[in-house]
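>>> show me the folded form of this:
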Amino acid sequence: MNREEVSRCYGLSMELLEQYENWNLRKNGEKGFSYSAQDLQRLSLVVLLRDIGFSWEECRVFLCLENREASCRLQMLEQHRNLLLEEIHRQEGLLEQLDGLRFQLETKNTVFPLFPEN
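Numbers count the residues shown, from 1 in each chain. The predicted model follows:
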């Protein structure tokens with residue numbers, strides 16, 4: 001499959017496919033960009049990595065490591081897991097604040113003034 005076919009059939013952005021092609025992950029001697037089943041598997045992994053917050057460069061490094069450097073790949077995943085947990089905790093704090101404001105409105109029909117009147 002060429003780039004346009006892959007984009008259309010799998011709903012992958014042209015930006016993703018261009019990045020992938022620029023990473024030169026193909027084996028020596030392969031020419032053109034006819035996507036193989038292995039390419040499609042890698043692209044699926046890139047979509048997942050991007051969804052969890054990996055940069056393009058981090059995706060490239062992760063793919064280049066392949067199975068030779070499982071410990072490095074695990075470390076990269078652990079770093080992003082920790083970042084996601086930090087964001088979740090931050091969002092939970094915001095939810096608690098929002099719930100506090102809702103509670104005030106429900107019980108007292110008012111929210112404390114942010115700017116006291118003079």
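>>> next up, phi/psi of S34, please.
With angles defined as degrees, to the nearest 10, S34 sits at phi -90, psi 110.
>>> how many neighbours does it have?
Burial measure for S34: 13 neighbouring residues, criterion other CB atoms under 10 Å. To be clear about C-beta, it is placed using only N, CA and C from the backbone, and glycine gets the same treatment.
>>> could you do L16 as well?
Residues near L16, counting by other CB under 10 Å: 18.
>>> all the helices of the chain, residue numbers only.
Secondary structure of the chain (DSSP state H): helices located at 3-10, 14-22, 37-51, 56-65, 70-108.
>>> in JSON lines: these, plus mean pLDDT.
Shown next, in JSON lines, are those (pLDDT from 0 to 100):
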{"stretch": "helix 3-10", "mean pLDDT": "90"}
{"stretch": "helix 14-22", "mean pLDDT": "88"}
{"stretch": "helix 37-51", "mean pLDDT": "91"}
{"stretch": "helix 56-65", "mean pLDDT": "92"}
{"stretch": "helix 70-108", "mean pLDDT": "93"}
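>>> let me see the domain layout of the protein.
The chain breaks down into these domains under automatic domain parsing: 1-66, 70-118.
>>> how far is the last one from where the chain is centred?
Distance of domain 70-118 from the chain centroid (CA atoms, centre = their mean, to the nearest Å) equals 20 Å.
>>> tell me the most buried of the domains of the chain?
For these, the largest average neighbour count (mean count of other CB atoms under 10 Å) is found in domain 1-66, namely a mean of 14.
>>> start to end distance for that one?
Taking CA to CA, to the nearest Å, domain 1-66 runs 23 Å from one end to the other.
>>> geometric centre of this structure: which residue is closest?
D51 (2.4 Å; CA atoms, centre = their mean).
>>> contacts only, for it.
Applying CB atoms under 8 Å, 6 or more residues apart in numbering to D51 gives no contacts.
>>> so how far is S13 from it?
Going from D51 to S13 by CB to CB, to the nearest Å gives 13 Å.
>>> ok, F54 touching F62?
Yes - F54 is in contact with F62 according to CB atoms under 8 Å; the separation is 6.8 Å.
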